[in-house]
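Visitor: attaching a predicted model along with its sequence, questions to come.
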Amino acid sequence: MQKDRRAVVVEDDHDIGDVICTLLEQAGFDVVVARSGAEALTLVREHQPDLVTLDLSLPDIDGVEVCRQIRVTSDCYVIVISARTSEVDRLVGLEVGADDYLVKPFSMRELQARVAALFRRPRTSDLVSPAISAAAQAHVEVTVPVPALPPINPATGAVYSPAHPLGCDDLSLNTGSREVTVAGEEVDLTRTEFDLLAHLVRNPGVVVPREDLMRAVWSTEFVPDSTHVVDVHLANLRRKLRRAAADNEWIRTIRGVGFRYDPCCP
């Protein structure tokens, strides 16, 4: 492999991260490590790597969201390395832009082979302007303005958006700050849990099918045969809401169809 290739290893487990770093350095990569999703997005923007290895279970942002945001700014190769083994997780990971998916525990030889296989594929970036391609053919240097990128909250990695309060007095969501409060007490939700709740709250009293939730929250038109991943995230969400207000059950399961948010106030 060439010696000028760069890689970002996104892994919060130090032992696994160190092993991946050693392997990539031996393969000729300059490697930097991110221990969180927010740090990963910052490093990808700063270093413009050729390769990212991405764990999905990060302490701040879900790895699926990290992959989706990487694809906004970079056409690098992305290999997901995760302990999540379900078909849904693999399919969603590939759908949002990953080039390969490797399940933990994994063989170092297999990772090395997969990296080598990726770099044998010709890759034409959709992010490259046609003016650059034409100039390359004519051996002419051109300067192409870089579009302004949406600001990212360094604490959460989420793209800033205007504040849009949702809900009611007892259950309140703010889509700008991505904060949820129940009876005045803040509830700590993951990115996926927040987005599921926000989508349901935007449709009060309406039964939302699991397939529609997958399309809305995972931003994919591909819906696998099993939507169990939606049930898992919603179960965690409801558990957290119950801890804050045990007497309220805002999210109802409509058997065989999906879920409904029942407003807590008119």
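Guide: Structure received. Numbers count the residues shown, from 1 in each chain.
Visitor: I figured L51 hits A7, correct?
Guide: Yes - taking contacts as CB atoms under 8 Å, L51 lies within contact range of A7: 4.3 Å. Just so you know, the C-beta spots here come from the backbone N, C-alpha and C atoms, and that holds for glycine as well.
Visitor: so these two - more neighbours on which side?
Guide: Counting neighbours by other CB atoms under 10 Å for L51 and for A7 shows that A7 has the greater number, 26 against 21.
Visitor: so the more buried one is in which element?
Guide: Assigned by DSSP states H and E, A7 falls within strand 5-10.
Visitor: and the helix or strand just after that strand, what's buried?
Guide: Per DSSP H and E, the first helix or strand lying C-terminal to strand 5-10 is helix 14-26. Buried residues in helix 14-26, defined by neighbour count with 16 or more other CB atoms under 10 Å: 16-17, 19-21, 23-24.
Visitor: what's helix 14-26 packed up against?
Guide: Here helix 14-26 touches strand 5-10, strand 29-34, strand 51-54, helix 108-120, going by 3 or more CB pairs under 8 Å, 6 or more residues apart in numbering; DSSP states H and E.
Visitor: please produce JSON lines containing the ones you listed, extended by distance to I70 and mean pLDDT.
Guide: Conversion of these to JSON lines gives the following (distance: least, CB to CB, whole Å; pLDDT from 0 to 100):
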{"stretch": "strand 5-10", "distance to I70": "9", "mean pLDDT": "95"}
{"stretch": "strand 29-34", "distance to I70": "11", "mean pLDDT": "94"}
{"stretch": "strand 51-54", "distance to I70": "6", "mean pLDDT": "96"}
{"stretch": "helix 108-120", "distance to I70": "15", "mean pLDDT": "87"}
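Visitor: export those to CSV and tack on distance to G93?
Guide: Shown next, in CSV, are those (distance: least, CB to CB, whole Å):
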stretch, distance to G93
strand 5-10, 13
strand 29-34, 17
strand 51-54, 9
helix 108-120, 14
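Visitor: coming back round to it: gap between the strand holding A7 and the chain center?
Guide: With CA atoms, centre = their mean, to the nearest Å as the basis, strand 5-10 stands 17 Å off its chain's centre.
Visitor: neighbouring strands for it, and are they parallel or not?
Guide: Partners of strand 5-10 in the sheet, by DSSP bridges, are strand 29-34 (parallel), strand 51-54 (parallel).
Visitor: skipping adjacent residues, who's closest to P204 in space?
Guide: In space, and not counting its chain neighbours, P204 is closest to P263: 4.6 Å by CB to CB, 6 or more residues apart in numbering.
Visitor: where does the one you found land on pLDDT?
Guide: pLDDT, P263: 75.
Visitor: let's verify it: helix, strand, or coil?
Guide: Following DSSP: H, G, I helix; E, B strand; the rest coil, we place P263 in the coil state.
Visitor: any figure for the gap between it and L111?
Guide: P263 sits 49 Å away from L111, going by CB to CB, to the nearest Å.
Visitor: the more surrounded of those two?
Guide: L111 (20 against 13).
Visitor: and that one, what does it touch?
Guide: Residues in contact with L111 (CB atoms under 8 Å, 6 or more residues apart in numbering) are 20, 23, 53, 79, 81, 102.
Visitor: just put these in JSON lines and tack on distance to A216.
Guide: What follows is the contacts of L111, written out as JSON lines (distance: CB to CB, whole Å):
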{"residue": "I20", "distance to A216": "33"}
{"residue": "L23", "distance to A216": "38"}
{"residue": "T53", "distance to A216": "28"}
{"residue": "I79", "distance to A216": "27"}
{"residue": "I81", "distance to A216": "27"}
{"residue": "L102", "distance to A216": "28"}
